[in-house]
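Undergrad: Provided below are the primary sequence and the corresponding predicted coordinates.
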Amino acid sequence: MKLHLGCGQRYFDGYVNIDYPMTEHSVQEKSVADIQADLLKLKYDRESIEEVRLHHVFEHFSRPVACALLSNWYLWLKNDGVLHIEVPDFERTAKAALSTFKSQKMKRVALRHIFGSQEAHWAVHFEGYSENLLTTLLELFGFHIVKVKKNSWKGTYNIEVLAQKKDVSRSVGDMENSARLYLSKYLVDEGESERRLLETYMKIYRNHLIF
């Protein structure tokens, strides 16, 4: 089984295409999804999935939720299973937004690509991924980077990463440690309030684990 998560109006043959129900969409005219569901509530057996694929979806999740999703997907995937993610390229898009050579319209398009289209409750971006940040995150959760592609579309810039599940010895505890390590990088210091922030992140992480 191969999963295409957050499919929108883009249907991939050979995949189970999954998206929010139409009641959650404000612009989309029709659903092509095989399954209409909240992606955060999906549950599959361990090592039952060949590929998890998502285009311009991952950036819509907060950092602790993104870590939980990677943990879930890692456990769902078979050994050598593929994780295929495409996200906005924050660094190239930010350069476009700040460029003195871009029109005001293109600068605003760049800002939309960074922060989301914002016409629905889910249409907001929570993270600005660079190639280094995304590949480092995937490797931290036990994925081997196979290929990185960069593309552009109508003045927007994107990163596409293909990765494989390789480290089959990883436990649930290992993944929690990975999440804690990753999220701790966002603390400004080691003070008490920042430690509480990290524990709040970890609570959110645990609340979104489904396996």
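TA: The structure has been received and is ready for your questions.
Undergrad: sketch out the low-pLDDT regions of the protein for me.
TA: Within the chain, not a single segment meets pLDDT under 70.
Undergrad: centroid residue for it?
TA: Taking C-alpha atoms, centre = their mean, the centroid of the chain lies closest to Phe58, which sits 1.9 Å from it.
Undergrad: quick one: residues contacting that one.
TA: Applying C-beta atoms under 8 Å, 6 or more residues apart in numbering to Phe58 gives the contacts 66, 69, 85, 87, 129. Bear in mind the C-beta positions are built from the backbone N, C-alpha and C, glycine included.
Undergrad: quick one, strands of this structure?
TA: 2-5, 16-19, 35-36, 49-55, 77-88, 143-153, 156-165 (DSSP state E).
Undergrad: report the beta-bridge partners for the closest residue to Val82 other than its chain neighbours.
TA: Leaving aside its chain neighbours, Val82 sits nearest to Glu51 (4.3 Å; criterion: C-beta to C-beta, 6 or more residues apart in numbering). With DSSP bridges as the criterion, Glu51 is bridged to Lys2, Val82.
Undergrad: run a quick neighbour tally on Glu51.
TA: 19 (other C-beta atoms under 10 Å).
Undergrad: residues in contact with Thr156?
TA: By C-beta under 8 Å, 6+ apart, Thr156 lies in contact with 88, 93, 109-110, 113.
Undergrad: on that earlier part again, Lys105: which of the strands of the chain is closest?
TA: strand 156-165 (12.7 Å; C-beta to C-beta).
Undergrad: how distant is the closest one from the center of its chain?
TA: Strand 156-165 sits 10 Å away from the centroid of its parent chain (C-alpha atoms, centre = their mean, to the nearest Å).
Undergrad: using PDB, write out every CA atom in that strand.
TA: Extracted in PDB, the C-alpha atoms of strand 156-165 (Å, rounded to 0.1, in the frame of the first residue of the first chain):
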ATOM      1  CA  THR A 156       7.900  30.000  -5.900                       C
ATOM      2  CA  TYR A 157      10.700  27.600  -4.900                       C
ATOM      3  CA  ASN A 158      10.500  24.100  -3.500                       C
ATOM      4  CA  ILE A 159      12.500  21.200  -2.100                       C
ATOM      5  CA  GLU A 160      11.600  17.600  -2.900                       C
ATOM      6  CA  VAL A 161      13.200  14.800  -0.800                       C
ATOM      7  CA  LEU A 162      13.100  11.000  -1.300                       C
ATOM      8  CA  ALA A 163      14.200   9.100   1.700                       C
ATOM      9  CA  GLN A 164      14.100   5.400   2.800                       C
ATOM     10  CA  LYS A 165      13.600   3.700   6.100                       C
END
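Undergrad: just to revisit the earlier point, my guess is the residue nearest to Val82 meets Gly81, correct?
TA: Yes. Between Glu51 and Gly81 there is a contact under C-beta atoms under 8 Å: 6.3 Å.
Undergrad: from Lys165, how far out is Lys147?
TA: Here Lys147 is placed at a distance of 15 Å from Lys165 (C-beta to C-beta, to the nearest Å).
Undergrad: neighbour count for the two, which is higher?
TA: Lys165 (24 against 9).
Undergrad: run through the residues that contact the more buried one.
TA: Neighbouring residues of Lys165 by C-beta under 8 Å, 6+ apart: 74, 77-81, 83, 142-144.
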